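Student: Sequence first, then the predicted structure:
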Amino acid sequence: MKKWQLCLMCAIVAMLCSCSTIRHTAHTAPVNTTVTTFTVADLDVSPQKSTKTYSWSYNPFRRVSIETVKTNTTAQMLNEVGADILVEPEYIVEKRGLFRGGSVTVIGFPAKFTGFHTMTPEEAEIVKNASAGQDKKNRRHKRFWIF
């Protein structure tokens, strides 16, 4: 067989083998169900604030948003102190001007999760009352008068 005939046969076999059909053996219907469980976490909050500062100089080839720098600096600080979350975080962003860089300082109380448990009815009532108070507060500020 000639070389071009062999290539032609391989192409035909490949095209015939690559086609397939999809067969459905049953019809399916979507199920709109949501399962929700509320979990409460206990926190062990450090009594001292931790601080971490990240400084950078201008680099035209590296464009990173301030939000990304804040998130990464917070993650580095939590990793250094062995914490899971930062309570009451404060961010101090200083820009030194065009083409000069800047710095981000993260300050807060590191905390570690110590235990998880299912929400009790008493805790659910506390959350309900707290969110109801927040709703009243928001409704009060949304009123306006037209004269």
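Tutor: Yep, that arrived. These numbers come from a predicted model, not from an experiment. Numbering: from 1, shown residues only.

Student: Now do the longest strand along the chain, average pLDDT.
Tutor: Taking DSSP state E as the criterion, the chain has its longest strand at strand 102-118. Averaged across strand 102-118, the pLDDT comes to 91.

Student: Mind listing the strands it pairs with, and their directions?
Tutor: strand 39-45 (antiparallel), strand 50-56 (antiparallel), strand 85-95 (antiparallel) (DSSP bridges).

Student: Touching the first one from outside, list them.
Tutor: Outside of strand 39-45, the residues that reach it under the criterion Cβ atoms under 8 Å, 6 or more residues apart in numbering are 85, 87, 109-120, 123. All C-beta spots, glycine's among them, are computed from the backbone N, C-alpha and C.

Student: May I ask which of these has the most neighbours?
Tutor: P110 (22 neighbours; other Cβ atoms under 10 Å).

Student: Skipping adjacent residues, who's closest to that one in space?
Tutor: A83 (3.4 Å; Cβ to Cβ, 6 or more residues apart in numbering).

Student: next one: G102
Tutor: Closest to G102 by Cβ to Cβ, 6+ apart is K95, at 4.2 Å.

Student: The one you found - how many residues pack around it?
Tutor: By other Cβ under 10 Å, the residues close to K95 number 11.

Student: Tell me if I'm right that it and Y58 touch.
Tutor: No - in terms of Cβ atoms under 8 Å, K95 does not count as a neighbour of Y58; the distance is 10.5 Å.

Student: Quick test: name the residue nearest the centre of this protein.
Tutor: Nearest to the mean C-alpha position of the chain, by Cα atoms, centre = their mean, lies T71 at 10.3 Å.

Student: pLDDT score for it?
Tutor: So, for T71, pLDDT stands at 92.

Student: does it belong to a helix or a strand, and which?
Tutor: helix 66-81 (DSSP states H and E).

Student: what residue ranges in the protein score low on pLDDT?
Tutor: 1, 17-24, 97-98, 133-147 (pLDDT under 70).

Student: tell me the contacts of the residue nearest to the centre of the chain?
Tutor: Contacts of T71 (Cβ under 8 Å, 6+ apart): none.

Student: And D84, its phi and psi?
Tutor: phi -100, psi -30 (degrees, to the nearest 10).
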